[in-house]
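> Kindly return the folded structure for what I paste below:
(one chain, ligands or ions: 1)
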Amino acid sequence: MAQKKSKLHELEIIVCIKPVPDPRKWDKLKLDPETMLLNRSQVPPVINALDLNAIEQAMQIKETNGGKVTVVTMAPPDAADQLQEALALGCDQAYLLSDIAFAGADTLATARCLAAAIKKIGRIDLVFCGAYSLDGSTSQVGPQVAELLEIPDLTHVVKLQIEGEGVKAECKTESADVIFESQFPALITFDREVNQPRLPGMVGIRRAKDISVVKWNAADLGINTDQVGLKGSPTQMLNVFTPTIGRKGEILQGSALELTSQLLSKLRTEKLLQ
Ligand SMILES: Cc1cc2nc3c(=O)[nH]c(=O)nc-3n(C[C@H](O)[C@H](O)[C@H](O)COP(=O)(O)OP(=O)(O)OC[C@H]3O[C@@H](n4cnc5c(N)ncnc54)[C@H](O)[C@@H]3O)c2cc1C
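Numbers count the residues shown, from 1 in each chain. Here you go, the predicted model:
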């Protein structure tokens, strides 16, 4: 959707991106029954798909209104590659929040880290997230970050427009698409219908190489290590298992007419037909 020109100031936008296992290789993901975590070692990480929509939206706003786009992730050190990709797409600066104390974080512990970093980065107008991640898929991180920053959040946004000192957003809900308005600062989570993410170009890739990723650990964020990682996670994982999916096969015998009648009778017994 076309953006209106903001006359008042250039926007400061932060995009939160999560590295997730490449969905094209999910057949190699294994659940570790001991640690109850996903063993991701065989699957390379990529930027969560909806976070690419969030980056695209930030780029479109920057191209129309000017401003700066900062990308942030809480992840292991090798996520610097996903941040480089975000820089190649046009983001201006990148922060990697990485510390052994962050390992095993649930959504609240993740949100605490992201909120602490966003506060430290300084003035913000908009924080963008994906509506959900492809692996955890809780949709909780964006709203939790907004709550910790004490700013409004508009979730599952499929259209966004800058209107003066705020935004007008079309949000997808179960019953209808609803229009909400908010002043800056606000946090927005995006669904994939919002736009078609661009691909990085050669100019962007070369530009990205000149930008250093800033790395912050728990001490840099001034965050108590009891509040992050597994220690700071109120979620308790009690069990993980792969559900067994079985099919019962039955071959019917008889003429075409008999087969049809047997089939209909079975479907009615199973209450699959009235
Ligand atoms: C007890 C427990 C232990 C866990 N241990 C681990 C573990 O060791 N390793 C692990 O990878 N996962 C672990 N998880 C999963 C972890 O909780 C989630 O991966 C993480 O908190 C994000 O939740 P989500 O994927 O549901 O995000 P959603 O809320 O579905 O994500 C929405 C959006 O939030 C933003 N976002 C989410 N996470 C991040 C991030 N890290 N950085 C920047 N932006 C982000 C993105 O914009 C994303 O599109 C654990 C979960 C539990 C309950």
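> next helix or strand past the lowest-mean-pLDDT helix or strand in the chain?
When each helix and strand of the chain is scored by mean pLDDT, DSSP states H and E, strand 37-39 comes last, with a mean of 78. Scanning forward in sequence from strand 37-39 by DSSP states H and E, the next helix or strand is strand 45-47.
> partners of Ser182 in the sheet?
Ser182 forms beta bridges with Val167, as assigned by DSSP bridges.
> Report the residue spans of the stretch 1-150 of the chain with pLDDT below the cut-off.
For the stretch 1-150 of the chain, the stretches flagged by pLDDT under 70 are 1-8.
> still on that earlier bit, now the least confident helix or strand of the chain: how far from the chain's centre is it?
Strand 37-39 sits 19 Å away from the centroid of its parent chain (C-alpha atoms, centre = their mean, to the nearest Å).
> Give me the contacts around it.
Applying C-beta atoms under 8 Å, 6 or more residues apart in numbering, the contact partners of strand 37-39 are Pro21, Leu29, Lys30, Leu31, Asp32, Gly104, Asp135. No exception for glycine: its C-beta is placed from N, CA and C like everyone else's.
> What distance do you get for the nearest residue to Val158 once chain neighbours are set aside to Gln84?
Leaving aside its sequence neighbours, Val158 sits nearest to Glu193 (C-beta to C-beta, 6 or more residues apart in numbering; 4.4 Å). For Glu193, the distance to Gln84 equals 27 Å [C-beta to C-beta, to the nearest Å].
> ditto for Ala103
The spacing between Ala103 and Gln84, counted by C-beta to C-beta, is 22 Å.
> Compare the two (neighbour count), which wins?
Each of Ala103 and Gln84 has its neighbours counted (other C-beta atoms under 10 Å); Gln84 has more, 19 against 14.
> who's in contact with that one?
Contact partners of Gln84, counting by C-beta under 8 Å, 6+ apart, are Ala94, Ala208, Lys209, Val213.
> which stretch of helix or strand covers it?
helix 80-88.
> Repeat that for Val71.
In the assignment (DSSP H and E), Val71 maps to strand 67-74.
> Who are the packing partners of that strand?
Strand 67-74 sits against strand 11-16, helix 49-65, helix 80-88, strand 93-97, helix 107-121, with contacts defined as 3 or more C-beta pairs under 8 Å, 6 or more residues apart in numbering; DSSP states H and E.
> Can you name the residues of the stretch 151-274 of the chain sitting close to the ligand?
On the criterion C-beta under 6 Å from any ligand atom, the ligand has as its neighbours in the stretch 151-274 of the chain the residues Ser233, Thr235, Met237.
> Looking at these, which is nearest the ligand?
The ligand has its nearest neighbour among those in Thr235, at 3.6 Å by C-beta to the nearest ligand atom.
> The closest one belongs to a strand, doesn't it?
No - Thr235 sits outside any strand when classified using DSSP: H, G, I helix; E, B strand; the rest coil, being coil.
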